[in-house]
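A.B. asks: sharing a sequence plus its predicted fold:
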Amino acid sequence: MEELTTVELRPEAGAGLADSQGFPAPAVVNRPARTQSATPLRHRLPAAASQSLRAGIRMLGEEADHGRLLLFSPVFLGAGAAFWFLAPSDFSLVASLLCMLTPAAVVVVAGPSRPVLRASFLALALFACGMLSAQFESWRASTVILDSSVTTTVTGRVERREGDGRGRWRYILSVTGTEKPELKRWPGRITAIVRGADTPFEIGDIVTGRARLTPPAGPALPELNDFSFSAYFDGIGANGFFYGAPERVDLQAGPQPARSTSETMLEWLYQLRSRIGDRIRSILPGDTGAFAAALVTDERRAISNATTEALRQSGLAHIVAISGLNMALSAGIFFVGFRMLLSLFPGVAQAYPTKKIAAAGALIAVTAYYLISGFGVSAERAFIMMAIMLIAVFFDRPSISLRNVVLSALVIIAISPSEVLGPSFQMSFAATLALVSGYQLWKDRRIRENAWLKLPVFRPVVAVAGFFGGVFLTSLIGGFSTALFSIEHFHRLTAYGLPANLATMPIISFIVMPAGLLAMLLMPFGLDTPLWKVVGFGLDLVIAVAKTVSGWGGDIGVGRLPAWYFAVAVAGFLLLTLLRTRLRHAGTSILAVSTLLVLILPVPRPPDLVISEDGGLVALVETAAMASNRENPPDFIFDQWQRALVLPTHHPPKMLDGPAIPPGGEDRRVRLSREQQNEARTAMRAAAAGGETNRFSCVKKAWCTSRLGNGRVVTIIDNAAYLGPACDSADIVVTPVRLRFNSCRSGATLFTGETLRRTGSVELRFADAGLEVATAFETLSRPWMRQRAYDWRSNSFTESGLSGVSDSGE
């Protein structure tokens, strides 16, 4: 006999309630299961898991009710921009528009009745909108980047200038022409160093001179920072230096091109900025004056390398940059001071909203600060964030909130989406998010009143303890929140940043910034000298603290981490800072687990050989050191290698006596006779066999060779005349000369200036399966890479996918 069907009335299912149309809630009929698969899923789930799932859904609804899901809008917008920039090729405009309009239409059709569907497609629409903004910014920039190094006569207009304290000046020139040779594809704006000039050129001067120009550098190693990317969006097409001091061109010599009002205003602002910097440095000489000028005008090159490195190693480099700290202190000091001044007049305080008037004055002050700061990226972000916070005061809204931070991020990503990939943007908003989230938690905490602390005798102690406690928590939260990004971009951590900031923040807050603000207000009247002396006193203390802390040796090299770790850790950080319920602890778990995996998983194998993008610098990688082919390798590239690979020790090459350039001088078109080739071949083989393993032996201006631990031989030649002997005696040959072929007839792997121009820097690993080659660029289809595929002979772009690397010799 079959079992009877049972009917169970369950109140939690809605018994005793009515549905949306007024009918009683139906009873739930349970039939006995004939098989295990027919059992409802909720019966098979453990009770704890089911309860956790319901709690998670409830907390997610609470997050949505508080509008926290909207805080993720800049995350999706920025992710779309980053996806477009990191993609191997461009997307068509039609495809990007369809990707944005389709989910936007679903959002409109879904309406508020389907919140999950609506939120999902809104995220997709924001992602596609980020892609479109990135595409538009790339089209708007359209910077012409120099394709290869060249020596030519440059004529241009001085747009900006900045001294470095060693008699050198760095100019940004708007190029108006080139000659000898006349470039077919010359950049519109360049940076050029001038040495030995008696007096600096003024902004607006037209100068001309013989200069050596080079394209912006690519990644020093694969997956490192591509400086040509930032140069493209900054409008800089080349870097270089003048041979001797250029000449000023008489403006009356001929007709001048018409200039727009905006260009005239920008030139006036840059002139004002230069005069302010010169004024400060004339009162405070040396690093003190350079430091003070950097705080006002963002001109940092005049600070000596020793002081800059001390500030960096002690974790105080953020003070130099015009960032949120500078803007916040300036706005706060002006806001509080102006409001206190207005409160001295009872009639004004009672008749007018002094708080809003003070906020308006602070907004004017930070706007002026931004205008004379040179429009740097960090200053732009700080200004937008402070402007939004001050405007919130006008509408009686809280000035410190995550919504203001998110709105600032949306504005910046919409204006300059390329900044999403930069360390300055990431570190600035990471610190701000963490600090505002921490402030919200601190404000919402349960307060336990203590009657003893309210006694007048304890009030000064409480105030001092509160200030230093705030500085401690601010430094701690800021340091931890930016550590991830410091590792990703700079491959190192600062161990003693907390004590350094604790020692310097009172100096900056109570001495430097108040005196500096008053000095700027009195500068038009010529009464600023005593106040700049006060600023100098405070900055001398800051420099002393930085040098003392840097002497403790707290600079920790971390090296490159797996590519997945940064994306996963950032996702965990965003969950931790943007959510308000216990769901935020999911972000903590993601951070902890991903960090633990990095610590316990095997470290990726380092490369055996690294080659710079021009072929001029090659290094052999050992356990704790690198051996290069240069006695004094260029700092810009070699420092990045040492930080990324965590190899601080450098072994210079052993210099040999021998024939260098044959008769004919340094002409790279000279040919060697058969006897000279045999002599060079014998010398290379003898140097490789008799030299120390994993050390270069070099003949100056000719060649370098080394025998690796696995028996392979690497040879670098500075002159193409030695190509034949090098190919015959080595397994890997590197030359900076731009040859028209990319392989050796002997079968040796050949890297030339032409192939490296297309691939960028190279890492080589010797494996059982053969030689593994990792390059900085796989294709050259993006706008900031296309100059590498340009052929000046045909004035056209060749196939961008050509790698030019072969280890087969074919």
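C.D. replies: Yep, that arrived. It should be emphasised that the depicted structure is a prediction, and the values quoted were computed from it without experimental measurement.
A.B. asks: where do the strands sit along the stretch 351-500 of the chain?
C.D. replies: 492-494 (DSSP state E, counting those that start in this stretch).
A.B. asks: identify each buried residue in the longest strand seen in the chain, please.
C.D. replies: Using DSSP state E to define each element, the chain has its longest strand at strand 150-163. Within strand 150-163, the residues scored as buried using 16 or more other Cβ atoms under 10 Å are 150, 152-163. All C-beta atoms are positioned from the backbone trio N, CA, C, and that covers glycine.
A.B. asks: which residues touch stretch 561-578?
C.D. replies: With contacts defined as Cβ atoms under 8 Å, 6 or more residues apart in numbering, stretch 561-578 is touched by 68, 71-72, 75, 223, 402, 430, 433-434, 437, 481, 484, 487-488, 583-591, 594-595, 597-598, 601, 604.
A.B. asks: one more: stretch 225-235?
C.D. replies: Contacting residues not belonging to stretch 225-235 are listed as 85, 137-138, 141, 143, 145, 188-189, 215-219, 237, 416, 418, 421-422, 489, 776, 783-785 [Cβ under 8 Å, 6+ apart].
A.B. asks: likewise for stretch 601-615?
C.D. replies: Contacts for stretch 601-615 (Cβ under 8 Å, 6+ apart): 149, 217-221, 560, 562, 617-621, 637, 641, 645, 708, 714, 716, 732, 734-737, 751-753, 756-757, 759-766, 774, 776.
A.B. asks: only whichever of those residues are buried, select them in PyMOL.
C.D. replies: To isolate the buried members of those in PyMOL, using 16+ other Cβ under 10 Å:
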select buried, resi 149+217+218+219+220+221+560+617+618+619+620+621+637+641+645+708+714+716+732+734+735+736+737+751+752+753+756+757+759+760+761+762+763+764+766+774+776
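A.B. asks: tell me which of the contacts of stretch 601-615 fall in helices.
C.D. replies: Here DSSP state H is the test, and the contacts of stretch 601-615 give 637, 641, 645, 753, 756, 757, 759 as lying in helices.
A.B. asks: and which of these is nearest residue 461?
C.D. replies: Nearest to residue 461 out of these is residue 645 (Cβ to Cβ; 50.3 Å).
A.B. asks: quick one: mean pLDDT over stretch 714-723.
C.D. replies: For stretch 714-723, mean pLDDT rounds to 92.
A.B. asks: what does stretch 597-609 give?
C.D. replies: 89.
A.B. asks: buried set for it?
C.D. replies: 598, 606, 607, 608, 609.
A.B. asks: kindly report the same for stretch 525-540.
C.D. replies: 528, 531, 532, 534, 535, 536, 538, 539, 540.
A.B. asks: next one: stretch 305-316
C.D. replies: Neighbour counts over stretch 305-316 (16+ other Cβ under 10 Å) mark 307, 308, 310, 311, 312, 313, 314, 315, 316 as buried.
A.B. asks: which of the residues you listed fall in helices?
C.D. replies: 307, 308, 310, 311, 312, 313.
A.B. asks: distance of the fourth one from residue 226?
C.D. replies: Plainly put, residue 311 is 26 Å away from residue 226 if you go by Cβ to Cβ, to the nearest Å.
A.B. asks: do the last one as well
C.D. replies: Going from residue 313 to residue 226 by Cβ to Cβ gives 25 Å.
A.B. asks: repeat for the first one
C.D. replies: Remark: distance between residue 307 and residue 226 (Cβ to Cβ) = 28 Å.
A.B. asks: now render the buried residues of stretch 525-540 as JSON lines, adding distance to residue 350, secondary structure and pLDDT.
C.D. replies: Converted to JSON lines, those look like this (distance: Cβ to Cβ, whole Å; DSSP: H, G, I helix; E, B strand; the rest coil; pLDDT from 0 to 100):
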{"residue": "528", "distance to residue 350": "35", "secondary structure": "coil", "pLDDT": "92"}
{"residue": "531", "distance to residue 350": "33", "secondary structure": "helix", "pLDDT": "94"}
{"residue": "532", "distance to residue 350": "38", "secondary structure": "helix", "pLDDT": "95"}
{"residue": "534", "distance to residue 350": "35", "secondary structure": "helix", "pLDDT": "95"}
{"residue": "535", "distance to residue 350": "37", "secondary structure": "helix", "pLDDT": "94"}
{"residue": "536", "distance to residue 350": "41", "secondary structure": "helix", "pLDDT": "95"}
{"residue": "538", "distance to residue 350": "38", "secondary structure": "helix", "pLDDT": "95"}
{"residue": "539", "distance to residue 350": "41", "secondary structure": "helix", "pLDDT": "95"}
{"residue": "540", "distance to residue 350": "45", "secondary structure": "helix", "pLDDT": "95"}
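A.B. asks: would you reformat those as a markdown table and include distance to residue 299?
C.D. replies: Below are those laid out as a markdown table (distance: Cβ to Cβ, whole Å):
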| residue | distance to residue 299 |
| --- | --- |
| 528 | 18 |
| 531 | 19 |
| 532 | 15 |
| 534 | 21 |
| 535 | 15 |
| 536 | 16 |
| 538 | 19 |
| 539 | 15 |
| 540 | 19 |
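A.B. asks: and of those residues, the nearest to residue 426?
C.D. replies: Nearest to residue 426 among the buried residues of stretch 525-540, with distances taken as Cβ to Cβ, is residue 539, at 27.6 Å.
A.B. asks: what's the closest non-adjacent residue to the closest one?
C.D. replies: By the measure of Cβ to Cβ, 6 or more residues apart in numbering, the closest residue to residue 539 outside its immediate chain neighbours is residue 291, 4.8 Å from it.
A.B. asks: my guess is the one you found contacts residue 538. True?
C.D. replies: No - between residue 291 and residue 538 there is no contact under Cβ atoms under 8 Å: 9.9 Å.
A.B. asks: so which bits of the helix or strand harbouring residue 520 are buried?
C.D. replies: Taking DSSP states H and E as the criterion, residue 520 maps to helix 513-522. Burial within helix 513-522, assessed by neighbour count using 16+ other Cβ under 10 Å, is assigned to 513, 514, 515, 516, 517, 518, 519, 520.
A.B. asks: by contact count, what packs against that helix?
C.D. replies: The contact analysis (3 or more Cβ pairs under 8 Å, 6 or more residues apart in numbering; DSSP states H and E) places helix 513-522 against helix 286-297, helix 324-343, helix 529-550.
A.B. asks: out of those helices, deepest packed?
C.D. replies: Stretch with highest mean neighbour count among the helices and strands packed on helix 513-522: helix 286-297 (a mean of 23; mean count of other Cβ atoms under 10 Å).
A.B. asks: can you list the domains in the protein?
C.D. replies: Listed by automatic domain parsing, the domain ranges of the chain are 65-141, 150-249, 273-447+464-557, 563-600, 609-797.
A.B. asks: thinking again about what came up before, any idea which of the buried residues of helix 513-522 is closest to residue 345?
C.D. replies: residue 518 (20.7 Å).
A.B. asks: ok, the closest one - contacts?
C.D. replies: Per Cβ under 8 Å, 6+ apart, neighbours of residue 518: residue 531.
A.B. asks: and the gap between it and residue 361?
C.D. replies: 14 Å.
A.B. asks: so what pairs up with residue 175 in the strands?
C.D. replies: With DSSP bridges applied, residue 175 shows beta-bridge pairing to residue 156.
A.B. asks: what's near enough to touch it?
C.D. replies: Taking Cβ under 8 Å, 6+ apart, we find residue 175 in contact with 154, 155, 156, 186, 187, 188, 189, 190.
A.B. asks: so residue 615: helix, strand or coil?
C.D. replies: coil (DSSP: H, G, I helix; E, B strand; the rest coil).
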